[in-house]
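Chemist: Following is a predicted model, sequence given first.
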Amino acid sequence: MNWEKIDRLAKEWVMEAGKSIRSSFDKTLNIQTKSNPKDLVTDMDKEIEQFFIRKIRGIFPEHRILGEEGFGDEFENLHGIVWLIDPIDGTMNFIHQQRNFAISVGVYENGIGKIGLVYDVAHDELYHAFRGKGAFMNEKQLPTLKETTVKESIIGLNATWVMENRRIDHNLLIPLVREALGTRSYGTATLEMVYVATGRMDAYLSMRLSPWDYAAGAVIVEELGGKVTNLRGETLNYLSMDSLLVAKPGLHQTILKDYLKDGKW
Ligand code: 2AM
Ligand code: CA
Ligand code: CA
Ligand code: CA
């Protein structure tokens, strides 16, 4: 398998997709809702996913594609080479802010992440990693992550999870919010993951995300020694939805053990 070619083309396509998203800023968007009134999608989300599918199928017809908007393949396993694509992560931000959204592309081989690309379109910042070859923001290599404590940490989490909710006993998270240096919420899972990779945040957690939300970010964070699991400390599921805990080494274990009861909830 020619991984250099896959890596080069993946980057090229992500940059081209970003350019066409930026040029859409002046146009009127066609906005629809999906599962609920807060779950939005635009024509741009669909067009970008279809753009990737056209490109990938044209050059790598044997690869399979899992995309949020459903134009890719049906999956029962992760055999072979699989592209996990979120054409626009943070669609609500894309619509309302025209920033704080990203294109996310992960390329996996037999379930193992090889390439992770997260492109912050508004800032023209491409976060990328190739397993075993380092992680970068544009041309700058990112340093390995160092251990830290909760009281020195900025933790990414959505306020929803600290209110009563169906996914987790919110009482578990209140001490974490109280004891952390600070909390942040950007509304873009992929960017929140790469913010852990760059040290802008120290941890990020979410109760419910999909494989295309964490596939690329996981490659980038793990390449730097960060830990990526679900909130019970288990390996992530790349075929269906899962929760997410991403953190610097040490901090991941502390959050899991001292706040999340080692997943026993
Ligand atoms: P999206 O913008 O690609 O849908 C905050 O909403 C974060 O959670 C975003 O990264 C968003 O990705 C993701 N998310 C996952 N499932 C969602 C859902 N059902 N509704 C809204 N956001 C969702
Ligand atoms: Ca969505
Ligand atoms: Ca997403
Ligand atoms: Ca999306």
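Modeler: Everything's here; your move. Ligands and ions are numbered 1, 2, ... in the order given.
Chemist: who touches residue 108 in this structure?
Modeler: 78, 81-84, 114, 215, 238 (C-beta atoms under 8 Å, 6 or more residues apart in numbering). Heads up, the C-betas are built off the backbone N, CA and C, glycines and all.
Chemist: Highest neighbour count among these?
Modeler: Neighbour counts for these peak at residue 84, which has 28 neighbours (criterion: other C-beta atoms under 10 Å).
Chemist: helix, strand or coil for that residue?
Modeler: Per DSSP: H, G, I helix; E, B strand; the rest coil, the secondary structure class of residue 84 is strand.
Chemist: Name the helix or strand for the residue nearest to it when sequence neighbours are not counted, please.
Modeler: Leaving aside its chain neighbours, residue 84 sits nearest to residue 215 (3.6 Å; criterion: C-beta to C-beta, 6 or more residues apart in numbering). Following DSSP states H and E, one finds residue 215 within helix 211-223.
Chemist: Quick one: mean pLDDT over that helix.
Modeler: Across helix 211-223, pLDDT averages out at 98.
Chemist: Remind me what that helix packs against, helices and strands.
Modeler: Helices and strands touching helix 211-223, by 3 or more C-beta pairs under 8 Å, 6 or more residues apart in numbering; DSSP states H and E, are strand 64-67, strand 81-89, strand 102-109, strand 112-120, strand 125-130, helix 189-198, strand 227-229, strand 242-247.
Chemist: I'd like to know which of the ones you listed lies nearest to residue 151.
Modeler: strand 242-247 (14.1 Å; C-beta to C-beta).
Chemist: hang on, residue 85 packs against residue 64?
Modeler: No - in this structure, residue 85 is not within contact of residue 64 by C-beta atoms under 8 Å, at 11.1 Å.
Chemist: list the residues that contact both of these two?
Modeler: Counting by C-beta under 8 Å, 6+ apart, the residues touching both residue 85 and residue 64 are residue 72.
Chemist: of those two, who's got more company?
Modeler: Neighbours per residue, other C-beta under 10 Å: of residue 85 and residue 64, the larger number sits with residue 85, 32 against 19.
Chemist: For the closest residue to that one other than its chain neighbours, give me its contacts.
Modeler: With C-beta to C-beta, 6+ apart as the criterion, residue 85 has its nearest non-adjacent residue at 4.4 Å, and that residue is residue 67. Contacts for residue 67 were tallied using C-beta under 8 Å, 6+ apart; they are 49, 52-53, 83-87, 212.
Chemist: Relative to ligand 1, which residue of the stretch 51-200 of the chain is the closest?
Modeler: Among the residues of the stretch 51-200 of the chain, residue 189 lies nearest to ligand 1; the distance is 3.5 Å by C-beta to the nearest ligand atom.
Chemist: List the contacts of the nearest residue to that residue once chain neighbours are set aside.
Modeler: Spatial nearest neighbour of residue 189, chain neighbours left out: residue 213 (4.4 Å); criterion: C-beta to C-beta, 6+ apart. Residues in contact with residue 213 (C-beta under 8 Å, 6+ apart) are 86, 89, 104, 189-190, 206, 244.
Chemist: Would you reformat those as a markdown table and include distance to ligand 3 and pLDDT?
Modeler: Listed next are these as a markdown table, based on distance: C-beta to the ion, whole Å; pLDDT from 0 to 100:
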| residue | distance to ligand 3 | pLDDT |
| --- | --- | --- |
| 86 | 4 | 98 |
| 89 | 4 | 98 |
| 104 | 7 | 99 |
| 189 | 6 | 98 |
| 190 | 7 | 98 |
| 206 | 10 | 97 |
| 244 | 11 | 98 |
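Chemist: quick revisit: between the helices and strands packed on helix 211-223, which one is nearest to residue 253?
Modeler: Short answer: strand 227-229, nearest of the helices and strands packed on helix 211-223 by C-beta to C-beta, at 7.6 Å.
Chemist: Run through the residues of the stretch 1-150 of the chain sitting next to ligand 1.
Modeler: By the rule C-beta under 6 Å from any ligand atom, the part of the stretch 1-150 of the chain lying against ligand 1 is 35, 39, 68, 86, 89-91.
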